[in-house]
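The following comprises the amino acid sequence and a computationally predicted model.
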Number of protein chains: 2
Amino acid sequence: MPRLDFWYEFASTYSYLAAMRIAPLAKEAGVEVRWRPFLLGPIFKAQGMETSPFNIYPLKGKYMWRDMARWSELLKLPEFVPPKTFPAHPLGASRVALALDDAARPDFTRAIYQAEFNEGKDIADAATIGEVLKKLGFDAAAVIAKGGEPAVKDKLRANTEEAAKLDIFGAPNFVTADGELFWGNDRLEQALAWARKH
Amino acid sequence: MPRLDFWYEFASTYSYLAAMRIAPLAKEAGVEVRWRPFLLGPIFKAQGMETSPFNIYPLKGKYMWRDMARWSELLKLPEFVPPKTFPAHPLGASRVALALDDAARPDFTRAIYQAEFNEGKDIADAATIGEVLKKLGFDAAAVIAKGGEPAVKDKLRANTEEAAKLDIFGAPNFVTADGELFWGNDRLEQALAWARKH
(Lines give C-alpha, C1' and ligand atoms only; values in the text may rest on other atoms or scores of the structure.)
Protein backbone atom coordinates (compact mmCIF):
# COMPACT_ATOMS: atom_id res chain seq x y z
CA MET A 1 0.00 0.00 0.00
CA PRO A 2 1.43 3.43 -0.93
CA ARG A 3 2.34 5.57 2.06
CA LEU A 4 2.31 9.29 2.80
CA ASP A 5 3.82 11.01 5.82
CA PHE A 6 1.60 13.88 6.95
CA TRP A 7 3.80 16.41 8.76
CA TYR A 8 1.70 18.85 10.74
CA GLU A 9 2.00 21.43 13.50
CA PHE A 10 -0.65 22.14 16.10
CA ALA A 11 -0.42 25.94 15.77
CA SER A 12 -0.61 25.83 11.97
CA THR A 13 -3.88 26.91 10.39
CA TYR A 14 -3.28 25.20 7.06
CA SER A 15 -2.30 22.01 8.91
CA TYR A 16 -5.76 22.14 10.47
CA LEU A 17 -7.41 22.19 7.04
CA ALA A 18 -5.27 19.27 5.88
CA ALA A 19 -5.99 17.29 9.06
CA MET A 20 -9.73 17.70 8.58
CA ARG A 21 -9.72 16.34 5.04
CA ILE A 22 -6.77 13.96 4.60
CA ALA A 23 -8.33 10.74 5.98
CA PRO A 24 -11.22 10.27 3.52
CA LEU A 25 -9.12 11.42 0.54
CA ALA A 26 -6.28 9.03 1.43
CA LYS A 27 -8.72 6.17 1.94
CA GLU A 28 -10.27 6.81 -1.47
CA ALA A 29 -6.79 6.92 -3.02
CA GLY A 30 -5.72 3.74 -1.23
CA VAL A 31 -2.84 5.53 0.51
CA GLU A 32 -1.77 4.87 4.11
CA VAL A 33 -1.12 8.04 6.12
CA ARG A 34 1.37 8.38 8.96
CA TRP A 35 0.49 11.31 11.21
CA ARG A 36 3.74 13.07 12.15
CA PRO A 37 3.46 16.07 14.46
CA PHE A 38 6.55 18.32 14.68
CA LEU A 39 7.45 21.79 15.92
CA LEU A 40 7.75 24.76 13.57
CA GLY A 41 9.59 26.91 16.14
CA PRO A 42 13.06 25.44 15.50
CA ILE A 43 12.33 25.23 11.75
CA PHE A 44 11.44 28.94 11.62
CA LYS A 45 14.39 29.90 13.83
CA ALA A 46 16.82 28.13 11.51
CA GLN A 47 15.49 30.40 8.75
CA GLY A 48 15.92 33.53 10.86
CA MET A 49 12.25 33.86 11.88
CA GLU A 50 11.37 34.33 15.55
CA THR A 51 7.63 33.80 14.99
CA SER A 52 5.18 32.73 12.29
CA PRO A 53 5.63 34.39 8.86
CA PHE A 54 1.96 35.38 9.21
CA ASN A 55 3.01 37.64 12.09
CA ILE A 56 6.25 38.83 10.47
CA TYR A 57 4.38 39.79 7.28
CA PRO A 58 1.03 41.26 8.41
CA LEU A 59 -0.52 41.50 4.93
CA LYS A 60 0.15 37.80 4.44
CA GLY A 61 -1.36 37.16 7.87
CA LYS A 62 -4.47 39.19 7.07
CA TYR A 63 -4.89 37.24 3.85
CA MET A 64 -4.45 33.90 5.64
CA TRP A 65 -7.31 34.62 8.08
CA ARG A 66 -9.60 35.46 5.18
CA ASP A 67 -8.43 32.38 3.28
CA MET A 68 -9.25 30.23 6.34
CA ALA A 69 -12.82 31.55 6.41
CA ARG A 70 -13.23 30.79 2.69
CA TRP A 71 -11.71 27.28 2.94
CA SER A 72 -13.85 26.47 5.97
CA GLU A 73 -16.94 27.29 3.94
CA LEU A 74 -15.75 25.31 0.92
CA LEU A 75 -14.93 22.26 3.05
CA LYS A 76 -18.14 22.64 5.07
CA LEU A 77 -16.16 22.85 8.30
CA PRO A 78 -17.55 24.61 11.40
CA GLU A 79 -17.04 28.38 11.48
CA PHE A 80 -13.37 29.30 11.67
CA VAL A 81 -12.56 31.25 14.85
CA PRO A 82 -9.05 32.80 14.94
CA PRO A 83 -7.40 31.93 18.26
CA LYS A 84 -6.68 34.74 20.73
CA THR A 85 -2.96 33.95 20.62
CA PHE A 86 -1.35 33.07 17.32
CA PRO A 87 0.66 30.96 16.99
CA ALA A 88 -0.54 28.92 19.98
CA HIS A 89 2.12 27.10 21.97
CA PRO A 90 2.02 23.58 20.48
CA LEU A 91 4.40 21.71 22.78
CA GLY A 92 1.91 20.04 25.14
CA ALA A 93 -0.53 18.91 22.45
CA SER A 94 2.35 17.60 20.30
CA ARG A 95 3.73 15.49 23.13
CA VAL A 96 0.31 14.08 23.98
CA ALA A 97 -0.25 13.25 20.30
CA LEU A 98 2.95 11.22 20.38
CA ALA A 99 2.09 9.63 23.73
CA LEU A 100 -0.99 8.14 22.04
CA ASP A 101 -0.56 5.21 19.67
CA ASP A 102 -0.70 5.69 15.89
CA ALA A 103 -4.35 4.64 15.61
CA ALA A 104 -5.52 7.17 18.21
CA ARG A 105 -3.50 10.13 16.92
CA PRO A 106 -5.79 11.25 14.04
CA ASP A 107 -8.89 11.64 16.26
CA PHE A 108 -6.92 13.45 18.95
CA THR A 109 -5.32 15.74 16.37
CA ARG A 110 -8.64 16.71 14.79
CA ALA A 111 -10.23 17.31 18.20
CA ILE A 112 -7.37 19.58 19.28
CA TYR A 113 -7.65 21.56 16.03
CA GLN A 114 -11.39 21.96 16.57
CA ALA A 115 -10.83 23.23 20.11
CA GLU A 116 -8.22 25.66 18.75
CA PHE A 117 -9.83 26.92 15.55
CA ASN A 118 -13.56 26.42 16.09
CA GLU A 119 -14.09 26.68 19.85
CA GLY A 120 -11.67 29.50 20.71
CA LYS A 121 -9.78 27.43 23.26
CA ASP A 122 -6.10 27.75 24.16
CA ILE A 123 -4.39 24.46 23.33
CA ALA A 124 -1.41 25.47 25.46
CA ASP A 125 -3.72 25.03 28.46
CA ALA A 126 -3.50 21.52 29.92
CA ALA A 127 -7.21 21.79 30.75
CA THR A 128 -8.05 22.03 27.03
CA ILE A 129 -5.94 18.96 26.25
CA GLY A 130 -7.50 17.12 29.19
CA GLU A 131 -11.05 17.87 28.02
CA VAL A 132 -10.25 16.64 24.52
CA LEU A 133 -8.77 13.40 25.90
CA LYS A 134 -11.74 12.83 28.18
CA LYS A 135 -14.22 13.36 25.33
CA LEU A 136 -12.33 10.73 23.32
CA GLY A 137 -12.57 8.28 26.23
CA PHE A 138 -8.98 8.41 27.47
CA ASP A 139 -7.69 8.62 31.03
CA ALA A 140 -6.62 12.23 30.58
CA ALA A 141 -4.26 12.45 33.55
CA ALA A 142 -2.45 9.25 32.55
CA VAL A 143 -1.97 10.29 28.91
CA ILE A 144 -0.81 13.79 29.84
CA ALA A 145 1.66 12.24 32.31
CA LYS A 146 2.95 9.93 29.58
CA GLY A 147 3.41 12.98 27.35
CA GLY A 148 5.90 14.29 29.90
CA GLU A 149 8.09 11.18 29.82
CA PRO A 150 11.59 11.50 28.30
CA ALA A 151 10.86 8.87 25.62
CA VAL A 152 7.94 10.92 24.28
CA LYS A 153 9.86 14.20 24.48
CA ASP A 154 12.65 12.52 22.49
CA LYS A 155 10.16 11.34 19.88
CA LEU A 156 8.97 14.90 19.27
CA ARG A 157 12.55 16.16 19.11
CA ALA A 158 13.41 13.38 16.64
CA ASN A 159 10.37 14.24 14.49
CA THR A 160 11.39 17.88 14.34
CA GLU A 161 14.98 16.95 13.47
CA GLU A 162 13.75 14.61 10.73
CA ALA A 163 11.53 17.40 9.37
CA ALA A 164 14.56 19.67 9.16
CA LYS A 165 16.51 16.96 7.32
CA LEU A 166 13.68 16.70 4.81
CA ASP A 167 14.14 20.44 4.04
CA ILE A 168 10.73 21.19 5.55
CA PHE A 169 10.33 24.96 6.05
CA GLY A 170 6.62 25.32 6.91
CA ALA A 171 3.48 23.25 7.47
CA PRO A 172 1.66 21.14 6.58
CA ASN A 173 3.75 18.84 4.40
CA PHE A 174 3.19 15.53 2.70
CA VAL A 175 6.22 13.35 2.03
CA THR A 176 6.01 10.25 -0.13
CA ALA A 177 7.94 7.02 0.42
CA ASP A 178 10.37 8.04 -2.35
CA GLY A 179 11.09 11.33 -0.53
CA GLU A 180 9.04 13.78 -2.59
CA LEU A 181 8.06 16.82 -0.49
CA PHE A 182 4.73 18.61 -0.98
CA TRP A 183 4.10 21.74 1.07
CA GLY A 184 0.68 23.14 1.86
CA ASN A 185 -2.88 21.97 2.31
CA ASP A 186 -3.45 22.81 -1.36
CA ARG A 187 -0.90 20.17 -2.45
CA LEU A 188 -2.67 17.25 -0.77
CA GLU A 189 -4.24 15.93 -3.97
CA GLN A 190 -0.93 16.13 -5.87
CA ALA A 191 0.85 14.33 -3.02
CA LEU A 192 -1.70 11.51 -2.97
CA ALA A 193 -1.43 11.11 -6.75
CA TRP A 194 2.37 11.01 -6.48
CA ALA A 195 2.23 8.41 -3.68
CA ARG A 196 0.05 6.16 -5.86
CA LYS A 197 2.16 6.58 -8.98
CA HIS A 198 5.68 6.18 -7.53
CA MET B 1 -20.22 38.87 -17.66
CA PRO B 2 -18.33 38.22 -14.41
CA ARG B 3 -14.86 39.76 -14.33
CA LEU B 4 -11.55 38.80 -12.76
CA ASP B 5 -8.44 40.96 -12.52
CA PHE B 6 -5.32 38.87 -13.04
CA TRP B 7 -2.44 40.60 -11.24
CA TYR B 8 0.88 39.20 -12.37
CA GLU B 9 4.58 39.98 -12.30
CA PHE B 10 7.04 39.10 -15.05
CA ALA B 11 9.71 37.73 -12.67
CA SER B 12 7.21 35.58 -10.75
CA THR B 13 7.33 31.84 -11.41
CA TYR B 14 3.83 31.13 -10.12
CA SER B 15 2.51 34.02 -12.23
CA TYR B 16 3.92 32.16 -15.22
CA LEU B 17 1.91 29.04 -14.36
CA ALA B 18 -1.25 31.10 -13.94
CA ALA B 19 -0.67 32.98 -17.20
CA MET B 20 -0.32 29.71 -19.12
CA ARG B 21 -3.62 28.30 -17.90
CA ILE B 22 -5.99 31.17 -17.05
CA ALA B 23 -7.42 31.88 -20.53
CA PRO B 24 -9.09 28.51 -21.28
CA LEU B 25 -10.31 28.10 -17.68
CA ALA B 26 -11.83 31.60 -17.65
CA LYS B 27 -13.45 31.03 -21.03
CA GLU B 28 -15.01 27.80 -19.79
CA ALA B 29 -16.25 29.58 -16.65
CA GLY B 30 -17.63 32.52 -18.68
CA VAL B 31 -15.42 35.00 -16.82
CA GLU B 32 -13.71 37.98 -18.47
CA VAL B 33 -10.07 38.43 -17.45
CA ARG B 34 -8.23 41.74 -17.25
CA TRP B 35 -4.46 41.23 -17.45
CA ARG B 36 -2.83 43.58 -14.93
CA PRO B 37 0.97 43.54 -14.77
CA PHE B 38 2.54 45.21 -11.73
CA LEU B 39 5.90 45.32 -9.96
CA LEU B 40 6.64 43.22 -6.89
CA GLY B 41 9.75 45.22 -5.96
CA PRO B 42 7.89 48.05 -4.17
CA ILE B 43 5.40 45.54 -2.70
CA PHE B 44 8.24 43.47 -1.22
CA LYS B 45 10.11 46.57 -0.02
CA ALA B 46 7.05 47.82 1.87
CA GLN B 47 7.14 44.49 3.76
CA GLY B 48 10.85 44.83 4.55
CA MET B 49 12.10 42.48 1.83
CA GLU B 50 14.88 43.59 -0.51
CA THR B 51 14.46 40.64 -2.87
CA SER B 52 12.14 37.70 -3.53
CA PRO B 53 11.16 35.61 -0.47
CA PHE B 54 12.50 32.64 -2.49
CA ASN B 55 15.97 34.17 -2.17
CA ILE B 56 15.53 35.35 1.43
CA TYR B 57 14.40 31.86 2.51
CA PRO B 58 16.57 29.39 0.54
CA LEU B 59 14.65 26.25 1.59
CA LYS B 60 11.47 27.81 0.29
CA GLY B 61 13.31 28.73 -2.89
CA LYS B 62 14.63 25.21 -3.36
CA TYR B 63 11.11 23.86 -2.90
CA MET B 64 9.68 26.34 -5.40
CA TRP B 65 12.05 25.22 -8.19
CA ARG B 66 11.05 21.60 -7.60
CA ASP B 67 7.37 22.59 -7.47
CA MET B 68 7.77 24.37 -10.83
CA ALA B 69 9.15 21.21 -12.45
CA ARG B 70 6.23 19.17 -11.08
CA TRP B 71 3.58 21.72 -12.11
CA SER B 72 5.09 22.02 -15.59
CA GLU B 73 4.70 18.28 -16.03
CA LEU B 74 1.14 18.27 -14.66
CA LEU B 75 0.11 21.14 -16.94
CA LYS B 76 2.00 19.64 -19.92
CA LEU B 77 4.03 22.81 -20.32
CA PRO B 78 7.47 22.78 -21.95
CA GLU B 79 10.36 21.87 -19.64
CA PHE B 80 10.85 24.45 -16.90
CA VAL B 81 14.29 26.07 -17.08
CA PRO B 82 15.21 28.24 -14.06
CA PRO B 83 16.50 31.61 -15.29
CA LYS B 84 20.17 32.47 -14.70
CA THR B 85 19.15 35.54 -12.68
CA PHE B 86 16.21 35.30 -10.31
CA PRO B 87 14.20 37.41 -9.97
CA ALA B 88 14.68 38.82 -13.46
CA HIS B 89 14.33 42.58 -13.84
CA PRO B 90 10.69 42.97 -14.97
CA LEU B 91 10.52 46.70 -15.71
CA GLY B 92 10.99 46.67 -19.50
CA ALA B 93 8.63 43.78 -20.19
CA SER B 94 5.99 45.27 -17.86
CA ARG B 95 6.07 48.61 -19.67
CA VAL B 96 5.84 46.98 -23.09
CA ALA B 97 2.91 44.85 -21.87
CA LEU B 98 1.11 48.07 -20.96
CA ALA B 99 2.12 49.77 -24.21
CA LEU B 100 0.18 47.06 -26.05
CA ASP B 101 -3.60 47.14 -26.05
CA ASP B 102 -5.64 44.84 -23.80
CA ALA B 103 -6.29 42.29 -26.55
CA ALA B 104 -2.59 41.88 -27.38
CA ARG B 105 -1.34 41.67 -23.78
CA PRO B 106 -2.11 37.98 -23.06
CA ASP B 107 -0.10 36.65 -26.05
CA PHE B 108 2.81 38.97 -25.29
CA THR B 109 2.76 37.97 -21.62
CA ARG B 110 2.79 34.25 -22.36
CA ALA B 111 5.58 34.65 -24.92
CA ILE B 112 7.74 36.61 -22.45
CA TYR B 113 7.20 33.93 -19.79
CA GLN B 114 8.18 31.22 -22.26
CA ALA B 115 11.37 33.10 -23.17
CA GLU B 116 12.12 33.50 -19.44
CA PHE B 117 11.19 30.10 -18.05
CA ASN B 118 11.49 27.71 -21.00
CA GLU B 119 14.14 29.22 -23.27
CA GLY B 120 16.61 30.52 -20.67
CA LYS B 121 16.49 34.09 -21.97
CA ASP B 122 16.97 37.26 -19.93
CA ILE B 123 13.78 39.30 -20.16
CA ALA B 124 15.63 42.36 -18.86
CA ASP B 125 17.43 42.37 -22.23
CA ALA B 126 15.67 44.59 -24.79
CA ALA B 127 16.77 42.09 -27.47
CA THR B 128 14.64 39.36 -25.83
CA ILE B 129 11.61 41.66 -25.71
CA GLY B 130 12.24 42.72 -29.32
CA GLU B 131 12.37 39.10 -30.53
CA VAL B 132 9.12 38.28 -28.77
CA LEU B 133 7.40 41.31 -30.30
CA LYS B 134 8.70 40.47 -33.79
CA LYS B 135 7.52 36.86 -33.52
CA LEU B 136 4.05 38.17 -32.61
CA GLY B 137 4.06 40.43 -35.69
CA PHE B 138 4.62 43.79 -34.01
CA ASP B 139 6.94 46.62 -35.01
CA ALA B 140 9.30 45.88 -32.13
CA ALA B 141 11.14 49.21 -32.12
CA ALA B 142 7.89 51.19 -32.15
CA VAL B 143 6.30 49.24 -29.30
CA ILE B 144 9.48 49.37 -27.18
CA ALA B 145 9.64 53.14 -27.79
CA LYS B 146 6.01 53.49 -26.72
CA GLY B 147 6.87 51.52 -23.55
CA GLY B 148 9.26 54.34 -22.64
CA GLU B 149 6.63 57.09 -22.87
CA PRO B 150 5.56 58.81 -19.64
CA ALA B 151 1.92 57.75 -20.04
CA VAL B 152 2.90 54.08 -20.07
CA LYS B 153 5.35 54.47 -17.19
CA ASP B 154 2.55 56.13 -15.21
CA LYS B 155 0.21 53.26 -16.02
CA LEU B 156 2.64 50.73 -14.53
CA ARG B 157 3.18 52.92 -11.47
CA ALA B 158 -0.61 53.26 -11.06
CA ASN B 159 -1.06 49.48 -11.36
CA THR B 160 1.53 48.87 -8.67
CA GLU B 161 -0.05 51.47 -6.38
CA GLU B 162 -3.47 49.90 -6.93
CA ALA B 163 -2.02 46.47 -6.10
CA ALA B 164 -0.69 47.85 -2.82
CA LYS B 165 -4.12 49.33 -2.02
CA LEU B 166 -5.66 45.90 -2.59
CA ASP B 167 -3.33 44.51 0.13
CA ILE B 168 -1.49 42.45 -2.47
CA PHE B 169 1.74 41.06 -0.98
CA GLY B 170 2.91 38.57 -3.64
CA ALA B 171 1.99 37.21 -7.07
CA PRO B 172 -0.02 36.08 -8.88
CA ASN B 173 -3.36 37.35 -7.58
CA PHE B 174 -6.93 37.20 -8.79
CA VAL B 175 -9.30 39.94 -7.65
CA THR B 176 -13.03 39.72 -8.27
CA ALA B 177 -15.34 42.65 -9.07
CA ASP B 178 -16.53 42.64 -5.43
CA GLY B 179 -12.93 42.99 -4.21
CA GLU B 180 -12.17 39.45 -3.08
CA LEU B 181 -8.43 38.73 -3.22
CA PHE B 182 -7.08 35.29 -4.13
CA TRP B 183 -3.32 34.78 -3.97
CA GLY B 184 -1.42 32.09 -5.84
CA ASN B 185 -1.71 30.02 -8.98
CA ASP B 186 -3.36 27.33 -6.87
CA ARG B 187 -6.29 29.62 -6.07
CA LEU B 188 -7.29 30.25 -9.70
CA GLU B 189 -10.20 27.79 -9.64
CA GLN B 190 -11.57 29.23 -6.38
CA ALA B 191 -11.30 32.75 -7.78
CA LEU B 192 -13.18 31.85 -10.96
CA ALA B 193 -15.92 30.17 -8.92
CA TRP B 194 -16.17 33.25 -6.70
CA ALA B 195 -16.37 35.58 -9.71
CA ARG B 196 -19.27 33.55 -11.12
CA LYS B 197 -21.13 33.33 -7.83
CA HIS B 198 -20.84 36.93 -6.57
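Looks like it came in fine.

Please identify the residues of chain A in proximity to chain B?
Residues of chain A lying close to chain B (Cβ under 8 Å from any Cβ of the partner chain) are A:47, A:57, A:59-60, A:62-63, A:66-67, A:70, A:74, A:167-170, A:181, A:183-184, A:186-187, A:190. From N, CA and C alone the C-beta is placed, and that goes for glycine too.

ok, now with 6 Å
A:47, A:57, A:59, A:60, A:63, A:167, A:169, A:183, A:186 (Cβ under 6 Å from any Cβ of the partner chain).

The fifth one falls within a strand, correct?
What that stands for is residue A:63. No: using DSSP: H, G, I helix; E, B strand; the rest coil, the assignment for residue A:63 is helix, not a strand.

ok, now which ones touch the closest residue to it other than its chain neighbours?
In space, and not counting its chain neighbours, residue A:63 is closest to residue B:183: 5.9 Å by Cβ to Cβ, 6 or more residues apart in numbering or on different chains. Counting by Cβ atoms under 6 Å, 6 or more residues apart in numbering or on different chains, residue B:183 touches A:63, B:170, B:173.

How much space separates the second one from chain A?
Here the distance between residue B:170 and chain A works out to 7 Å (Cβ to the nearest Cβ, to the nearest Å).

Look up the residues forming beta bridges with the residue lying closest to that residue once chain neighbours are set aside.
Excluding its sequence neighbours, the residue lying closest to residue B:170 (Cβ to Cβ, 6+ apart) is residue B:183, at 5.9 Å. Counting by DSSP bridges, residue B:183 forms beta bridges with residue B:173.

What distance do you get for residue B:183 to residue B:103?
From residue B:183 across to residue B:103, the span is 27 Å (Cβ to Cβ, to the nearest Å).

count of neighbours near residue A:137?
9 (other Cβ atoms under 10 Å in any protein chain shown).

For it, give its distance to residue A:128.
The spacing between residue A:137 and residue A:128, counted by Cβ to Cβ, is 17 Å.

The strand or helix carrying residue A:159 - what's its average pLDDT?
Under the criterion DSSP states H and E, the helix or strand holding residue A:159 is helix A:150-165. Average pLDDT, helix A:150-165: 98.

So which bits of that helix are buried?
Across helix A:150-165, burial judged by 16 or more other Cβ atoms under 10 Å in any protein chain shown covers A:152, A:153, A:155, A:156, A:159, A:160, A:163.

hmm, which two among the residues you listed are most spread apart?
A:152 and A:163 (16.9 Å; Cβ to Cβ).

and residue A:6, that one's in a strand?
Yes: judged by three-state DSSP, residue A:6 forms part of a strand.

how near is it to residue A:32?
10 Å.

Inside helices: which ones of the residues of chain A next to chain B?
Under the assignment DSSP state H, these contribute A:59, A:60, A:63 to helices.

In JSON lines, list those along with pLDDT.
Formatted as JSON lines, these follow (pLDDT from 0 to 100):
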{"residue": "A:59", "pLDDT": "98"}
{"residue": "A:60", "pLDDT": "98"}
{"residue": "A:63", "pLDDT": "98"}
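
Going by distance to chain B, which of those residues wins?
Chain B lies nearest to residue A:59 out of these, by Cβ to the nearest Cβ, at 4.0 Å.

what's near enough to touch that closest one?
Neighbours of residue A:59 in contact, by Cβ under 6 Å, 6+ apart: B:167, B:169.

Can you check what pLDDT the model gives residue A:126?
pLDDT, residue A:126: 96.

same question but for residue A:77, I mixed them up
Looking at residue A:77, its pLDDT is 98.

State the phi and psi torsions of it.
The phi/psi pair for residue A:77 (degrees, to the nearest 10) reads phi -90, psi 160.

Skipping its backbone neighbours, what lies nearest residue A:69 in space?
Per Cβ to Cβ, 6+ apart, closest to residue A:69 is residue A:80, 5.3 Å.

what about the one you found, how many neighbours?
19.

what about it, distance to chain B?
Counting by Cβ to the nearest Cβ, the gap from residue A:80 to chain B is 16 Å.

unless I'm mixing things up, that residue is touching residue A:74, no?
No: the pair residue A:80 / residue A:74 is not scored as a contact, 11.3 Å apart, by Cβ atoms under 6 Å.

returning to that earlier point: quick one: the ones in helices among the residues of chain A next to chain B as JSON lines, columns for distance to residue B:96 too.
Listed next are those as JSON lines, based on distance: Cβ to Cβ, whole Å:
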{"residue": "A:59", "distance to residue B:96": "29"}
{"residue": "A:60", "distance to residue B:96": "30"}
{"residue": "A:63", "distance to residue B:96": "30"}
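
can you tell me which of the residues you listed lies nearest to residue A:42?
With Cβ to Cβ as the yardstick, the closest approach to residue A:42 among these comes from residue A:60, at 21.2 Å.

The closest one: neighbouring residues, count only.
Other residues close to residue A:60 by other Cβ under 10 Å number 18.

got the contact list for it?
A:54, B:169.

Can you tell me how far it is from residue A:72?
Counting by Cβ to Cβ - residue A:60 and residue A:72 are separated by 19 Å.

quick one: low-confidence parts of chain A?
Of all residues in chain A, none has pLDDT under 70.

Show me the helices in it, by range?
A:13-29, A:40-46, A:53-56, A:58-74, A:91-99, A:105-117, A:126-135, A:140-147, A:150-165, A:188-197.

for the ones you listed, which one ends up most surrounded?
A comparison of the helices of chain A by mean neighbour count, using mean count of other Cβ atoms under 10 Å in any protein chain shown, puts helix A:91-99 on top with a mean of 24.
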